[in-house]
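Student: my questions concern the predicted model and sequence given below.
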Amino acid sequence: MADLGKPVTPDLTFHRYEDNVRNMLRILDAKAEAVKLGGGVEATEKHHKRGKLTARERIQKLIDPGSDFLEIGLFAAYGMYEEYGGAPSSGTVFGIGKIHGRDVVVVANDATVKAGAWFPITCKKNLRAQEIAMENRLPIIYLVDSAGVFLPLQSEIFPDKEHFGRIFRNNAIMSSMGIPQIAAIMGPCVAGGAYLPIMSDEALIVEKTGSVFLAGPFLVKAAIGEDADTEKLGGAEMHSEISGVTDYTMPNDEVCLETIRNIIGKLGDNPKAGFDRIQSKAPRFEVSEMYGLIPEDRAKPYDMHQVLARIVDDSEFDEYKAGYGKTVITAYARIDGWAVGIVANQRSVTKTKKGEMQVGGVIYSESADKGARFIMNCNQKRIPLVFIQDVTGFMVGTRAEQGGIIKDGAKMVNAVANSVVPKITIIAGNSYGAGNYAMCGKAYDPRFIFAWPSAQIAVMGGKQASETLLSIRLQQMNAKGNQIPKQEQEKMLKEITDRYNTELDPLFAAARLWVDGIIDPAETRNVISRCIGVAANNPHIPRFNPGVIQV
């Protein structure tokens, strides 16, 4: 095993970098706390007066005391739906927690946000929850408290393949896969949404607050002229004693949650994937030193080995083809005891044996070839893969094209696409163009994908994109005989740059669930370990077939 990294000297540059990251984290934490308030203090008080716990309170009472909840999609819908008053966390809280030591997916409607109504991104978030349950063979618990689809946006959530109906299709698929589904009706459950708890294996309903029906009293009156109150139409007593739709009647939220814990606690054990894990060893260097290693100017080089030395066990790894294709680091290591294969972009400028200088963060032909071979090796050995992205894309230009960069890039993309071991992606910095694909972006099915506050995801960097967009606009205007003064061009460039930079913000990506969340860089080690532990619940790893790779 080779030692990684070296002690850092906390000079002025180190402290400047550190302050920049800490400032980003302070801003992010403040925004996270605001999101966690859901519909706000007043809406929470009204919720409590009805005898109900909030979504987050329910989750905390459900999972094991003192255990961590790996929340997914905290910033879903951030900055979206503002014309409707916003939808903090898309009106749904979900993640992975432990109940009696077992990993489970928990999905809880937040009724303080528009009565728990489903926005388009809410549907996407629920589908992500089911995807995680299916990929990792985890029991899933639904804490239902929702008024149904947000009607002003019904056309964006109802009819398409990845819309509302997919939820119930997944209920059926998970049932056939033998994945336990437990639903607690803790508030309204209306119309199509009524199928979700009833297509689960077991359904609990809370007296007085829980109700489930295909059409509520007002719609029944309008449709068939019948007067019916909520309790007789779909309350706990009716469904537990007359229709037989629900399986358990619960007096309140607390008893309901404890009953779910009891049900989960009696589930039989399942085989694991068998990924190798030994006693964990802490890195030799302080994890928080990563803050001082990440330049505030994202174009500046830095040594990714130094970052990895603060993530992997004992700050050591076995680097594969260390002297070849140096702009991509490939190595076997351990993270919290788990054996992993790491594929990371090297941001420092490197020199080849031929004396050529290679720009950090760019994937060259040699780097892509090495990455593809390493990914195939990890699949053969059943070793989970960890991708750490800080990539501006593949090398361009005459020499690169004549050297077959497209062919070599295709090899790497092919290997990533066909990889069968769990893949976990961390976007540390840039994630531009096809580099996003080769380094296992969202489209390549990572089991989990997280971003640092310093992440940017786009076709290209802000400066290049803004200048390209301005050039196109100017050409269009010049073609019409309009000459644009330089001052006006600068104003246009600023407007384009500001808009593009907004889309580069990791919050923009997190709002749309391009990433599962934004994490503190110092938590990277813990998050990766947690994700591998979750992935290990699925013992079914198909045979790896790389497909056709041109040589």
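Tutor: Thanks, I have it.

Student: buried residues in stretch 423-438?
Tutor: By neighbour count on 16 or more other C-beta atoms under 10 Å, the buried set for stretch 423-438 is 423-438. (Each C-beta comes from the backbone N, C-alpha and C, glycine too.)

Student: going by distance to Lys411, which of those residues wins?
Tutor: Among these, Ala438 lies closest to Lys411 (C-beta to C-beta), at 9.5 Å.

Student: hmm, the closest one is touching Val413, no?
Tutor: Yes: if you go by C-beta atoms under 8 Å, Ala438 and Val413 touch, sitting 5.3 Å apart.

Student: how about residues contacting the helix ranked longest in the chain?
Tutor: Assignment by DSSP state H gives helix 12-36 as the longest helix of the chain. The contact list for helix 12-36 (C-beta atoms under 8 Å, 6 or more residues apart in numbering) reads 8, 10, 56, 74-75, 78, 88-89, 290-296, 453-454, 507, 518, 520-521.

Student: check stretch 246-262 too.
Tutor: If you take C-beta under 8 Å, 6+ apart as the criterion, stretch 246-262 is touched by 51-53, 58, 61-62, 99-100, 141, 182, 184-186, 197, 202-207, 209-210, 212, 236-237, 239-240.

Student: tell me the mean pLDDT over it?
Tutor: On average, the pLDDT along stretch 246-262 is 97.

Student: which non-adjacent residue is nearest Gly193?
Tutor: Using C-beta to C-beta, 6 or more residues apart in numbering and skipping the chain neighbours, the partner closest in space to Gly193 is Gly148 (5.0 Å).

Student: that should have said Ala510, apologies.
Tutor: Nearest residue to Ala510 in three dimensions, chain neighbours excluded: Phe75, at 3.9 Å (C-beta to C-beta, 6+ apart).

Student: quick check, that neighbour in a helix?
Tutor: No: Phe75 sits outside any helix when classified using DSSP: H, G, I helix; E, B strand; the rest coil, being coil.

Student: roughly how far does it sit from Asn262?
Tutor: Distance, Phe75 to Asn262, by C-beta to C-beta, to the nearest Å: 33 Å.

Student: so which of the two has more stuff around it?
Tutor: Neighbour totals were compared for Phe75 and Asn262, and Phe75 leads with 25 against 11 (other C-beta atoms under 10 Å).

Student: check what pLDDT that one gets.
Tutor: pLDDT, Phe75: 98.

Student: check Leu470 too.
Tutor: Per-residue confidence at Leu470 stands at 67 (pLDDT).

Student: again, but for Ala194
Tutor: Per-residue pLDDT puts Ala194 at 80.

Student: for the one 4 residues further on, same thing?
Tutor: On the pLDDT scale, Ile198 is placed at 89.

Student: same check on Gln550?
Tutor: Listed pLDDT for Gln550 reads 59.

Student: look up how far Lys442 lies from Arg373.
Tutor: According to C-beta to C-beta, Arg373 stands 24 Å off from Lys442.

Student: can you report how many residues lie near Gly517?
Tutor: The local packing of Gly517 (other C-beta under 10 Å) involves 21 other residues.

Student: so it sits right up against Tyr78, yeah?
Tutor: No: the pair Gly517 / Tyr78 is not scored as a contact, 11.4 Å apart, by C-beta under 8 Å.

Student: who touches both of these two?
Tutor: Ala510.

Student: hmm, Ile342 is touching Ile388, no?
Tutor: Yes: in terms of C-beta under 8 Å, Ile342 counts as a neighbour of Ile388; the distance is 6.9 Å.

Student: identify the contacts common to these two.
Tutor: Shared contacts of Ile342 and Ile388 (C-beta under 8 Å, 6+ apart): Leu308.

Student: which residues of the stretch 51-200 of the chain fall in strands?
Tutor: Counting by DSSP state E, counting those that start in this stretch, the stretch 51-200 of the chain has strands at residues 70-72, 92-99, 102-109, 140-146, 181-190.

Student: dump those into a markdown table; add mean neighbour count and distance to Lys321 as well.
Tutor: Converted to a markdown table, the strands of the stretch 51-200 of the chain look like this (neighbours: other C-beta atoms under 10 Å; distance: least, C-beta to C-beta, whole Å):
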| stretch | mean neighbour count | distance to Lys321 |
| --- | --- | --- |
| strand 70-72 | 21 | 33 |
| strand 92-99 | 24 | 35 |
| strand 102-109 | 24 | 35 |
| strand 140-146 | 28 | 41 |
| strand 181-190 | 26 | 45 |
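
Student: wait, which of those is closest to Val362?
Tutor: Taking C-beta to C-beta, strand 70-72 is the member of the strands of the stretch 51-200 of the chain nearest to Val362, at 31.4 Å.

Student: what packs against that closest one?
Tutor: Where contact means 3 or more C-beta pairs under 8 Å, 6 or more residues apart in numbering; DSSP states H and E, strand 70-72 is packed against strand 92-99, helix 120-136, helix 524-535.

Student: switch the cut-off to 7 Å
Tutor: When contacts are defined as 3 or more C-beta pairs under 7 Å, 6 or more residues apart in numbering; DSSP states H and E, strand 70-72 packs onto strand 92-99.

Student: for the strand it packs on, packing partners?
Tutor: Contacting strand 92-99 under the criterion 3+ C-beta pairs under 7 Å, 6+ apart are the following elements: helix 55-62, strand 70-72, strand 102-109, helix 120-136, helix 253-265.
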